[in-house]
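Participant: give me a 3D structure for the following:
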Amino acid sequence: MPPSSSQSQAGASAAAAAAAENYSSFPAIKTEELVGVLSEMGLVVSPEDITRPTSTIAYRIFVAFLECLSGTSQELLERTRHATLAQMEYRELYDDGLQFIMLFREIRAMMVAATITDFHLQDLTRPVPKRFKRQMSALVNFYRFRSDRIAEFEELTAEAEDLENKRNETEDMIEVKKVELERFKRQRILEEPEAKALKAENDKLAEHLLELKKKQGQFMNEHEAYKLEKENLIKKQTDLHYYIQSVQAELRNLQARIVSSPKKLRGSIEAMSEQVIQDRASLADIERKARELNDKLDVVTALESDIGSAIIAMEQVSNEIAKTNAEQKEADEVRSMINHNKHEVQTLSHLKEQTARKMKLANERLERARKNLDDQREINKVKMEDFEKRLEDVMNMKRERNAKIDVICAEHNELERELQTTVKEYEAQRAKMFQDRDHLCHLANVYMDTLSRFLSLDEFQPQKHVTA
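Facilitator: Here you go, the predicted model:
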C-alpha cells in the first residue's frame, strides 16, 4: 500500500529536523585528539571512555571543561549553594537537588556558548556516544578558540590596567593641581593689593616714559640741527684759518716787496689790521658759538644717557607688564578651570542626587519585596502545613494500601502455589493420557495387522498415528 501525502510530509519534516540537529558549525574532533586535549587539562581518560561514555566520565569531563573555560569551580558552586540554602526554609529538601541543578545550569550555559543549544539533563546522566562526541568536539573547538584569544584578552587586560593606573595618576595630579590652585588663589588674594599698586605705578611710569619719548624726539631734532650748525661753523673756522694763513703769507710777501711810500704802506697796514681785527672778532664769535654748541652737545649726551636709562626702565616695565599679563592669563585659566570644576561638582551632585533617589526607590522596592517575601513565606508556611497534613493522610493511606497489597500479595503467592500444583497435576494427567493413547494406538495397530493377515487384505494399509 503506497504511503499517504501526510505520512510523506511527516517523514520529510522529521528528516529535516534530524539534519538540523546533526548540523554543526565546527569540525569534528578525533578521539585521540580529544584524549590529548583532556590530558593537557590534567584529566586522564581512555579512548573507550569517549566511545562508550558513562555518567561518571561525562560528569568528570564536563566539570573539567567548566573549570577551564568559565572558571567556575566546585568551591564556588558550593559557596553559592550554601548562600542560596541559607535564604530558604526546609533546606534539607533542596540540599542534594540544588547542587546538581546549579551544576547543570552552568554546564548548559557553557554549551550554549560553544554553539550547542540542545544540551539536556540526560546528556549528563545518560550520555549517548554520538551526541557526547559532538559535544566534546564543540568544547575542544571552544577551548582552542579560547587559547587563541586569551593572548589578546591578556593584552587588553594589561592595557586596561595601564589605563586605570594612568587614571589614578591623573586623579592624583588633579588633586595636586587643586592644592596648588588653592595655594595660588590664597597667594593671589594676598598679592592682589601689591599687584594693584605695581599696576598703578606702572601706568605712571608708562605716562612718564611717553613724555620722555616726546622730549627725546625734540632733543634729537635739536641735536641734529646743532650738529649741522657745528659742521658749518667748523667748516667756516677752517676756511678762516686758511684765509688768515694766506693773508699772513701775502702780508709777508707784501712786506718783502714794499718799495712804495710810507703813507701808502701805513694805509695798507691799517686796512689789513682792521681786517685782521674784524677776522679775530669773527673768530671769537665763532669760538663762542662752538663753546655754546659743545655745552649743548654735553646736555644732549646727558639727555641721551637719561633716555637710555629711561628705555631700560621702560623695558623693565614692559617685562613687568608682560609678566602681569601672563599672570592675568594664568589667573583667567585658573578661573575657567575653577568654573569647569564647579560645573563638574554640580554634575556630580546631580548624579549623586539621582543615585540617592534610585537608592531610595531600590530600598522601597526591596522593602516591598521583603514584605511580599514574608507574606509569601507565611502563605508557603500555611501551604506547607496543609501539605504536611495531606502528606500524613497520604502516608496513612499508603500504609493501609501497603497492608492490603501485602494481603493481596500473600493471596497471590498462595494462588501461584495452587496454580503450580494444578499445572503439575495437569502435566501428569496429560502425560498419562498421552501414554494411554499411545497404548491404545499400539493395540489398534496390532489388531488391524492381525485382522488384515487373517482376512488376507493386502490392499488395506492402516495409517499409523504419529504421537506428539
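Participant: all strands of this structure, in order?
Facilitator: Taking DSSP state E as the criterion, the chain carries no strands.
Participant: can you list the weak-confidence ranges in it?
Facilitator: Counting by pLDDT under 70, the ranges of the chain that qualify are 1-26, 73-74, 76, 81-82, 85-98, 254-265, 362, 369, 454-468.
Participant: domain assignment for the chain?
Facilitator: Taking automatic domain parsing as the domain assignment, the ranges for the chain are 24-172, 188-360.
Participant: with distance to Ala444 added, can I get these in CSV?
Facilitator: The C-beta positions use only the backbone N, C-alpha and C, and glycine is treated the same way. Putting those into CSV (distance: least, C-beta to C-beta, whole Å) gives the following:
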stretch, distance to Ala444
domain 24-172, 65
domain 188-360, 110
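Participant: so which of the ones you listed gets nearest Val423?
Facilitator: Among the domains of the chain, the nearest to Val423 by C-beta to C-beta is domain 24-172 (40.5 Å).
Participant: what's the longest helix in this structure?
Facilitator: For the chain, the longest helix by residue count, based on DSSP state H, is helix 262-455.
Participant: ok, the closest residue in space to Leu66 that isn't next to it in sequence to Glu388 distance?
Facilitator: For Leu66, the nearest residue in space outside its immediate sequence neighbours is Thr72; the separation is 5.3 Å by C-beta to C-beta, 6 or more residues apart in numbering. Shown here: Thr72 relative to Glu388, a distance of 36 Å by C-beta to C-beta, to the nearest Å.
Participant: out of the two, which sits in the more crowded spot?
Facilitator: The neighbour count for Thr72 versus Glu388, taken as other C-beta atoms under 10 Å, is higher for Thr72 (19 against 10).
Participant: quick one on the thing from earlier: Val63 is in contact with the residue nearest to Leu66, correct?
Facilitator: No - when contacts are counted by C-beta atoms under 8 Å, Thr72 is not listed as touching Val63 (9.1 Å).
Participant: contact partners for the nearest residue in space to Gly42 that is not next to it in sequence?
Facilitator: What sits nearest to Gly42 in space, not counting adjacent residues and going by C-beta to C-beta, 6+ apart, is Ala64, at 7.4 Å. The contact partners of Ala64, taken as C-beta atoms under 8 Å, 6 or more residues apart in numbering, are Leu38, Met41, Gly42, Leu43.
Participant: the residues you listed: which two are farthest apart?
Facilitator: For the contacts of Ala64, the maximum inter-member distance is 8.4 Å, found between Leu38 and Gly42 (C-beta to C-beta).
Participant: hang on, the earlier thing: just name the most buried of the domains of the chain.
Facilitator: By mean neighbour count, with neighbours taken as mean count of other C-beta atoms under 10 Å, domain 24-172 ranks first of the domains of the chain at a mean of 14.
Participant: how close does Ile189 get to Glu333?
Facilitator: Using C-beta to C-beta, which is the criterion applied here, Ile189 is 17 Å from Glu333.
Participant: can you check Ile29 too?
Facilitator: According to C-beta to C-beta, Ile29 stands 65 Å off from Glu333.
Participant: same deal with Arg288?
Facilitator: As judged by C-beta to C-beta, Arg288 and Glu333 stand 66 Å apart.
Participant: kindly report the same for Lys360.
Facilitator: For Lys360, the distance to Glu333 under the criterion C-beta to C-beta works out to 40 Å.
Participant: ditto for Val382
Facilitator: With C-beta to C-beta as the criterion, Val382 and Glu333 are 71 Å apart.
Participant: cool, and Arg144?
Facilitator: Taken as C-beta to C-beta, the spacing of Arg144 relative to Glu333 amounts to 56 Å.
Participant: before we move on, what about Arg79?
Facilitator: Relative to Glu333, and taking C-beta to C-beta, Arg79 is found at 54 Å.
Participant: again, but for Val128
Facilitator: 74 Å.
Participant: go on, Leu212?
Facilitator: Using C-beta to C-beta, which is the criterion applied here, Leu212 is 36 Å from Glu333.
Participant: same check, this time on Gln346
Facilitator: Between Gln346 and Glu333 the distance is 20 Å, computed by C-beta to C-beta.
Participant: and for Gly71?
Facilitator: Separation of Gly71 from Glu333 (C-beta to C-beta): 49 Å.
Participant: what's the answer for Thr347, then?
Facilitator: Between Thr347 and Glu333 the distance, using C-beta to C-beta, works out to 21 Å.
Participant: try Asp49
Facilitator: On the measure of C-beta to C-beta, Asp49 and Glu333 end up 73 Å apart.
Participant: got it, and Ser452?
Facilitator: Using C-beta to C-beta, which is the criterion applied here, Ser452 is 147 Å from Glu333.
Participant: right, and Thr115 touches Ala138 too?
Facilitator: Yes - in this structure, Thr115 is within contact of Ala138 by C-beta under 8 Å, at 6.1 Å.
Participant: quick one: contacts for the residue nearest to Glu33 when sequence neighbours are not counted?
Facilitator: Nearest residue to Glu33 in three dimensions, chain neighbours excluded: Val140, at 7.3 Å (C-beta to C-beta, 6+ apart). If a contact means C-beta under 8 Å, 6+ apart, then Val140 has Ile29, Glu33, Leu34, Val37 as its contacts.
Participant: and Arg390, how many neighbours?
Facilitator: Other residues within reach of Arg390, judged by other C-beta under 10 Å, total 10.
Participant: in stretch 419-426, which residues are buried?
Facilitator: Of the residues in stretch 419-426, none are scored as buried under the neighbour-count criterion (16 or more other C-beta atoms under 10 Å).
Participant: how far off centre is that stretch?
Facilitator: From the chain centre to the centre of stretch 419-426 is a distance of 86 Å (C-alpha atoms, centre = their mean, to the nearest Å).
Participant: then it to CSV, C-alphas only?
Facilitator: What follows is stretch 419-426, C-alpha atoms only, in CSV (Å, rounded to 0.1, in the frame of the first residue of the first chain):
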residue,chain,number,x,y,z
LEU,A,419,-1.6,-22.9,40.2
GLN,A,420,1.8,-24.5,40.1
THR,A,421,0.3,-27.6,41.9
THR,A,422,-2.6,-27.6,39.4
VAL,A,423,-0.2,-27.2,36.5
LYS,A,424,1.9,-30.1,37.7
GLU,A,425,-1.2,-32.3,38.1
TYR,A,426,-2.3,-31.2,34.7
